[in-house]
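Peer 1: Sequence first, then the predicted structure, then my questions.
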Amino acid sequence: MNAGQKTISIDEVLSQLSNGMDFSHKELHDMELVQTAAHDLSFRQCTFVNVDMTDVDWENLKCQSSKFINCRFIDANLENALFENCSFFEPDRSTSCNFMHANLRSASFQNCDLSGCVFEGADLFRISIQDSKATGAKFFRASFNGSAKLSHNVLRYADLRGANFAKCNLAHNDLVWATLDEADFTRANLMGCDLGGATTRYTKFAGADLRGAVLTGFDVRTMDIGGAQIFESQMRQLLENCGLIIFPDNRS
């Protein structure tokens, strides 16, 4: 048990689970809270281990400085949820959490560790993920509906295949070696992103703002990049990626 935390039973949780309830310094182990409903719950400095929160209705949930180990949020309603300084990845056990098909509309993750988490098929309308680590996170075919803000995150090796990021703000993310195949970044803000080594087969970057982005390995022949914005200094890199050999102008 973590210092200062008290382990509570499922009966205690269920008896206290009501709108506006505040849980602080608690540990929850091996519980099924499936389909429970309560709004405006607050968890501060709590630890969840093997807790199943499938199909819960916990709108306006607030979690601060809490840890989630091998937890399931499948089909959960977490609309307007706020997570600050929370961890959803346990490196010692190599376990992460599952948000598959969850309703995360207008949810916010600030300074969290989402490494390896699954967001496949989740509703991410107006989601905000900032200053967080999501190495290897899986956003396969996730829907962001042109409104998400993901900035200053580490998304190395993340799976973004087929995800729709059109018109989203994705500035200053580390996307090194991420899988972006068939993703849609049409008119998205990718300023300052590091896309080194990312796979971009059939990816759409039409009208995207790529100014200052690292485009190592970008092959414009395999993607839709018409109307994208770049700095003049990035042109050489893109042309060399296509196999062109560029000589300096003869000024003699």
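Peer 2: Here it is on my side, so go on. Numbering: from 1, shown residues only.
Peer 1: Which of the residues in the helix or strand encompassing residue 14 are classified as buried?
Peer 2: Element membership for residue 14, per DSSP states H and E: helix 10-16. In terms of neighbour count (16 or more other Cβ atoms under 10 Å), helix 10-16 has its buried residues at residue 13. The C-beta positions use only the backbone N, C-alpha and C, and glycine is treated the same way.
Peer 1: Mind giving me the packing neighbours of whichever helix or strand comes after it?
Peer 2: Using DSSP H and E, the helix or strand that follows helix 10-16 in sequence is strand 22-24. On a contact count with 3 or more Cβ pairs under 8 Å, 6 or more residues apart in numbering; DSSP states H and E, strand 22-24 meets strand 42-44.
Peer 1: can you give me the mean pLDDT across the strand it packs on?
Peer 2: Averaging pLDDT along strand 42-44 yields 98.
Peer 1: Could you pull up the mean pLDDT of the helix holding residue 14?
Peer 2: pLDDT averaged over helix 10-16 gives 93.
Peer 1: can you give me the strands in the stretch 101-250 of the chain?
Peer 2: 108-110, 128-130, 149-151 (DSSP state E, counting those that start in this stretch).
Peer 1: closest to residue 244 out of the ones you listed?
Peer 2: For the strands of the stretch 101-250 of the chain, proximity to residue 244 was assessed by Cβ to Cβ; strand 149-151 is nearest, at 32.8 Å.
Peer 1: Work out the gap between the longest helix along the chain and the centre of the chain.
Peer 2: For the chain, the helix with the greatest residue count under DSSP state H is helix 232-241. How far helix 232-241 lies from its chain's middle: 29 Å, per Cα atoms, centre = their mean, to the nearest Å.
Peer 1: thought residue 8 was touching residue 26?
Peer 2: Yes - using Cβ atoms under 8 Å, residue 8 is in contact with residue 26, at 5.3 Å.
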